[in-house]
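A.B. asks: predicted model and sequence below, questions to follow.
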2 protein chains.
Amino acid sequence: MHSYHGHDERRVPPLILGHEAVGEVQTGRLKGRRVVLNPLMTCGICDHCQGGRSNLCAKRELIGMRLAGAFAQFITIPERNLLDMPQDMDPVIASLTEPAATSLHAIYLAERVLHRPLSECRALVLGGGSIGAFAGLMLKNKGCHDIYLGDTNPLRRQTVERLGCCRVYDPLGDDQPDDNSFDLVIDAVGSGRTRAASCRHVRAGGVISHVGLQDNQPGLDTRRMTLEEITFLGNYTYSAVDLRAAIRALYKGALGSLDWVETRLLSEGAAAFRDIHEGKAAAPKIVLKP
Amino acid sequence: MHSYHGHDERRVPPLILGHEAVGEVQTGRLKGRRVVLNPLMTCGICDHCQGGRSNLCAKRELIGMRLAGAFAQFITIPERNLLDMPQDMDPVIASLTEPAATSLHAIYLAERVLHRPLSECRALVLGGGSIGAFAGLMLKNKGCHDIYLGDTNPLRRQTVERLGCCRVYDPLGDDQPDDNSFDLVIDAVGSGRTRAASCRHVRAGGVISHVGLQDNQPGLDTRRMTLEEITFLGNYTYSAVDLRAAIRALYKGALGSLDWVETRLLSEGAAAFRDIHEGKAAAPKIVLKP
């Protein structure tokens, strides 16, 4: 949606979008096999790539960014970007691998620095889009039992309520969770306002996991972050390890029924983007089928 | 200096300052023994206190903040705030425990999240006051071999040059270290400008350790921090463990000669504050003796 709104300077029109995809291999060793795409192409040989952080490779390229994306009929991508998936897995579910892996990666980085395990933590997710919804589901699946999720869109709130993983609230309403009360805040919006809310809600010694890229406005309260030793973690995408972990979680049904995902025809894709833009789409994710 | 300038809303005049001190115990079990003060009083029983992070205790009190500080003739403090020190240790050196522990604590938190050991890291320190100078010396003592330190005060730069632990530069001059080139940036100033510089200089996947409290202006580039997975760590003071580790390092001479510390009479304290304010004091730290 960020690029649909023309707010992403990295994506210059005309451009075929799409970086969350399942497809059938057309040529080579894996011909005929259904695979999930790792849309992030990296050099494979730098310290980041070989140190488990390929997402930070200086030569990284995300399809649908500068190069054409997965809404094309065919796509060319290195063989190492094809991720194996169970052939009996629903391709609609498998196509959710990318956003699920983004959430999983953000939680993994937070787990490395939290002082207590997630099962003892109180967590807040800001934003009920697909990254936020998957973050809520992943947190629950990892044993976190006290999860809040805030979204200003009433349709989104309804859908997220149905997931059954978190208490849902309106960040513009009267019924707010307490300030200074969350060990972990995942900001899946990434605006000045959500960063300010993150700084208010996080507990002394807690962690803000920052995933969204809505704007670069001020919002962080660096004075409080210093006096209360708050950690801020920037998050970008995932590694192949995160993507494979997401495929396994989705295949096992670890994230519940996923019936909140909507499916439409690729030929009706433009209308889907418009509905999301106008706040008419309740589903945090719409999968387009050819 | 922050309180001298009236910029610290937590310190309301009239107030006796002073929270970095060595003294002789007047009463009780340790009567007659020379000790270092842990100036941070905490409840001792909350999760933070009992989980190794007493510096985050909600009931914490720093002497010289709301209660009278160590520039008084006598001071009352709980016995658990008295830290043992070798009785043959120079009290001037021992009085540096507090700033040394602040630097040590910041580096310890950074070491927990850096992806490679300090000995392989390139580090930048912003600000050549006592926290910055001790950070440079501590980093060197921990095997870090590629350290830069920036300070806008030419007298401070001269003094820090003599420490022999880092390359010193003027952040307002032409000869700047490269952008996107440091695994660790320690911001011992804490202003909007130094936060902006931290975000420029830190490398993808790197860590900004934020210790200073100069202002709460915007400066962080949250977009870059997100896209490049930069970690921001707030730091506040130290635990008793950090203080004891600092006493050991200072006693062993692990931080070099420390002849850069200036000593003046307590009765001339006001002039010392004024000299620092006017940029006339070359020493990052002036110790006042009764």
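C.D. replies: Done, it's in. Quick caveat: nothing in here was measured; it's all calculated off a predicted structure.
A.B. asks: any buried residues in stretch A:136-152, and which?
C.D. replies: Using 16 or more other Cβ atoms under 10 Å in any protein chain shown as the test for burial, stretch A:136-152 gives A:136-142, A:144, A:146-152. Heads up, the C-betas are built off the backbone N, CA and C, glycines and all.
A.B. asks: quick one, helices of the stretch 101-250 of chain A?
C.D. replies: Assigned helices in the stretch 101-250 of chain A, in chain order: A:130-141, A:154-163, A:192-201, A:222-227, A:240-252 (criterion: DSSP state H, counting those that start in this stretch).
A.B. asks: for those, give me CSV that also has mean pLDDT and distance to B:Q73.
C.D. replies: Rendered in CSV, the data for these read as follows (pLDDT from 0 to 100; distance: least, Cβ to Cβ, whole Å):
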stretch, mean pLDDT, distance to B:Q73
helix A:130-141, 97, 55
helix A:154-163, 93, 62
helix A:192-201, 98, 41
helix A:222-227, 98, 30
helix A:240-252, 98, 61
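A.B. asks: just those helices: most buried one?
C.D. replies: helix A:130-141 (a mean of 26; mean count of other Cβ atoms under 10 Å in any protein chain shown).
A.B. asks: tilt between it and helix A:154-163?
C.D. replies: Per axes from the mean of the first three to the mean of the last three Cα atoms, to 10 degrees, the angle that helix A:130-141 makes with helix A:154-163 is 20 degrees.
A.B. asks: give me the contact list for helix A:130-141.
C.D. replies: Contacts to helix A:130-141, defined as Cβ atoms under 8 Å, 6 or more residues apart in numbering or on different chains, come from residues A:96, A:99-100, A:102-104, A:106-107, A:118, A:123, A:125-126, A:147, A:149, A:151, A:159-160, A:163, A:165-166, A:186, A:188-189, A:211-212, A:249, A:254-256, A:260, A:284-285.
A.B. asks: quick check, pLDDT for A:A281.
C.D. replies: A:A281 carries a pLDDT value of 81.
A.B. asks: swap that for A:E24, please
C.D. replies: Here the pLDDT value assigned to A:E24 is 97.
A.B. asks: state the distance from it to chain B.
C.D. replies: Going from A:E24 to chain B by Cβ to the nearest Cβ, to the nearest Å gives 32 Å.
A.B. asks: got a list of what that residue touches?
C.D. replies: Shown in contact with A:E24 (Cβ under 8 Å, 6+ apart): A:G32, A:R33, A:R34, A:V35.
A.B. asks: can you pick the most crowded of those residues?
C.D. replies: Tallying neighbours with other Cβ atoms under 10 Å in any protein chain shown puts A:V35 at the head of the contacts of A:E24, with 20 neighbours.
A.B. asks: can I assume that residue sits in a strand?
C.D. replies: Yes - according to DSSP: H, G, I helix; E, B strand; the rest coil, A:V35 belongs to a strand.
A.B. asks: please tell me I have it right and it contacts A:M89.
C.D. replies: No - counting by Cβ atoms under 8 Å, A:V35 does not reach A:M89; the two are 10.8 Å apart.
A.B. asks: what are the contacting residues of the strand of greatest length in chain A?
C.D. replies: Ranked by number of residues, the top strand in chain A under DSSP state E is strand A:202-210. Among residues not part of strand A:202-210, those counted as contacts by Cβ under 8 Å, 6+ apart are A:106-107, A:109-110, A:113-115, A:122, A:124, A:180-187, A:190, A:195, A:198-199, A:228-235, B:48, B:53, B:56, B:58, B:222, B:225-226.
A.B. asks: strand partners (parallel or antiparallel) of that strand?
C.D. replies: Strand A:202-210 has its sheet partners listed here by DSSP bridges as strand A:182-187 (parallel), strand A:231-234 (parallel).
A.B. asks: quick check: mean pLDDT across that strand?
C.D. replies: 98.
A.B. asks: okay, the angle between it and helix A:192-201?
C.D. replies: Counting by the same axes, to 10 degrees, strand A:202-210 points 150 degrees away from the direction of helix A:192-201.
A.B. asks: how about strand A:202-210: buried residues?
C.D. replies: A:V202, A:R203, A:A204, A:G205, A:G206, A:V207, A:I208, A:S209, A:H210.
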